[in-house]
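# Output the structure for:
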Amino acid sequence: MAVWSSMDDIEIPQYFLCPISLQIMKDPVTAMTGITYDRESIEQWLLTAKDTTCPVTKQPLERDFVLTPNHTLRRLIQAWCAANATNGVDRIPTPKTPLDRTHVVKLIRDLGVAQLYLKTLQKMEALTRDNERNRNCMADAGAAKAIVLLIIKCFKENKTAGVEEGLRILHLIWSPTSEMKLLLKENYDFVDAVTWALGCETDNHVAVRSNAVLVLKNIVEVASPNLLERLKFEFLNRLIRTMREKISQAAMKAALYVLMEVCPWGRNKWQMIEAGAVFQLIEMELENPEKKITEIIFCLLGHLCSCADGRAQFLAHAGSMAMLSKRILRVSNTTDDRALHIIALISKFSGTNEVLMEMLRVGAVSKLCMVLQADCAKYLKEKAREILRLHSKVWNNSPCIAVYLLTRYAR
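Numbers count the residues shown, from 1 in each chain. Take a look at the predicted model:
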């Protein structure tokens, strides 16, 4: 039996097609039920299916059973593809031998050999980039621990060779398993090593810092409160400097996530302010980022403006209040909530006459009045009303707003 392809109506033998993907098999393997599948398709099936059954026969399969390569069928498919190459059929290369635990263990041993570790890292990186199966195999064999120890060693010996590859491999094979949590939840040496990597001045420093930030995001996901409370100023300072350099969108998001997670712990809030986080966050927001980033920025600014130094740094930026005003009622409820929270903090604790006049001049007061009329949550209206009442004597006589907006609601 055969099926017809849209490529010049080429007839493809039915047994060349994977029963799952219905595409020509590149690496046919036979399951214990006797059915042949393309390796990538059946491995993905086994990885994601709730019940590991054969897709065709519905017979149960063990998750760790061995898939047997069907070399005869692969050669037939390759020969058929070669014969039909002139009709637009792509040739199928001979698949690589699948990665197994024995191979990974050998690679891990080679990481400990000074003459071999760089080439070994490059091999491991190539394997992790290939497919999900390789990444899972690496993780199961304990590659993460070996990479962590290697990066710590590079840090202590001040050697940058291999750090980029190590960080990238670690990020690619990352999974919040109990073993990974145990490895990293209070690993102060590794946090110091990644902080060091953020400051490395090398030819590939952009790639190193980008991967370092992504790994830091993984770390804070499993870090213990003890570790988060004891972060050093250098950690936060280098992280914020990396944000300032705009090395990549992925790194920017990861850095914001890290700051959001560590901000409530210990002295991190004050250290972030000292490192210039408020100014940097405002500068990022002025570039009109995507909605999710704006929400994180406003949440962080809300945390940082809860102390006097944070508010002072916020008000010292010439565009801060105008930016805040512009975002209200334009992004999301989360942004509105945090924006009104920041305005309330500034109005209550830093509301000098100069600041109040600035709020009036850039339209922040008018925006508060708009919140009273907008279709938004009741508590947001109440927040806006409280702010307007607080300084009604200053703002009431201004031509910038209609006085009735301050008086039409019952007090």
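# Who are the contact partners of residue 197?
Under the criterion of CB atoms under 8 Å, 6 or more residues apart in numbering, the contact list for residue 197 reads 151, 155, 160, 163, 167, 208, 209, 212. Heads up, the C-betas are built off the backbone N, CA and C, glycines and all.
# Check residue 187 too.
By CB under 8 Å, 6+ apart, the contact list for residue 187 reads 148, 219, 227.
# So which elements touch the helix or strand hosting residue 367?
If you go by DSSP states H and E, residue 367 is part of helix 364-373. Contacts defined by 3 or more CB pairs under 8 Å, 6 or more residues apart in numbering; DSSP states H and E place helix 364-373 against helix 320-327, helix 333-349, helix 378-390, helix 404-407.
# Let me know the average pLDDT across it.
Averaging pLDDT along helix 364-373 gives 90.
# any idea how far that helix is from the chain center?
35 Å (CA atoms, centre = their mean, to the nearest Å).
# For residue 248, list the residues it contacts.
Each residue near residue 248 by CB under 8 Å, 6+ apart is listed here: 206, 210.
# Distance check, it against residue 53.
42 Å (CB to CB, to the nearest Å).
# same thing with residue 117?
Remark: distance between residue 117 and residue 53 (CB to CB) = 43 Å.
# Tell me which of those two has more neighbours.
When residue 117 and residue 53 are compared for neighbours, residue 117 comes out ahead with 19 against 15, by other CB atoms under 10 Å.
# Is the more buried one in contact with residue 162, as I believe?
Yes. With contact defined as CB atoms under 8 Å, residue 117 reaches residue 162; the gap is 6.2 Å.
# so what's in contact with those two at the same time?
Residues touching both residue 117 and residue 162 (CB under 8 Å, 6+ apart): residue 150.
# where along the stretch 1-150 of the chain do the helices fall?
Applying DSSP state H, counting those that start in this stretch to the stretch 1-150 of the chain gives helices spanning 39-48, 71-83, 101-111, 117-130, 132-140, 143-157.
# what would those helices look like in TSV with mean pLDDT and distance to residue 393?
Listed next are these as TSV, based on pLDDT from 0 to 100; distance: least, CB to CB, whole Å:
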stretch	mean pLDDT	distance to residue 393
helix 39-48	85	64
helix 71-83	92	83
helix 101-111	94	70
helix 117-130	93	64
helix 132-140	89	64
helix 143-157	95	59
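# want to throw those helices into JSON lines with distance to residue 384?
Shown next, in JSON lines, are the helices of the stretch 1-150 of the chain (distance: least, CB to CB, whole Å):
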{"stretch": "helix 39-48", "distance to residue 384": "48"}
{"stretch": "helix 71-83", "distance to residue 384": "68"}
{"stretch": "helix 101-111", "distance to residue 384": "59"}
{"stretch": "helix 117-130", "distance to residue 384": "51"}
{"stretch": "helix 132-140", "distance to residue 384": "49"}
{"stretch": "helix 143-157", "distance to residue 384": "49"}
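# wait, which of those helices is closest to residue 196?
Among the helices of the stretch 1-150 of the chain, helix 143-157 comes nearest to residue 196, with 4.8 Å by CB to CB.
# buried stuff in that closest one?
143, 144, 146, 147, 148, 149, 150, 151, 152, 153, 154, 155 (16 or more other CB atoms under 10 Å).
# After that helix, which helix or strand is next?
Downstream of helix 143-157, the first helix or strand assigned by DSSP H and E is helix 163-172.
# so how far is that next one from its chain's centroid?
Its chain's C-alpha centre and that of helix 163-172 lie 15 Å apart, by CA atoms, centre = their mean.
# what does stretch 129-137 give?
Put simply, stretch 129-137 sits 19 Å off its chain's centre (CA atoms, centre = their mean).
# Stretch 134-146 too?
Put simply, stretch 134-146 sits 20 Å off its chain's centre (CA atoms, centre = their mean).
# Tell me the predicted confidence for the residue nearest to residue 122 when sequence neighbours are not counted.
Excluding the flanking residues, the one nearest residue 122 by CB to CB, 6 or more residues apart in numbering is residue 165, at 6.2 Å. Here the pLDDT value assigned to residue 165 is 95.
# Would you check that residue 165 makes contact with residue 121?
Yes. Using CB under 8 Å, residue 165 makes contact with residue 121 at a distance of 4.1 Å.
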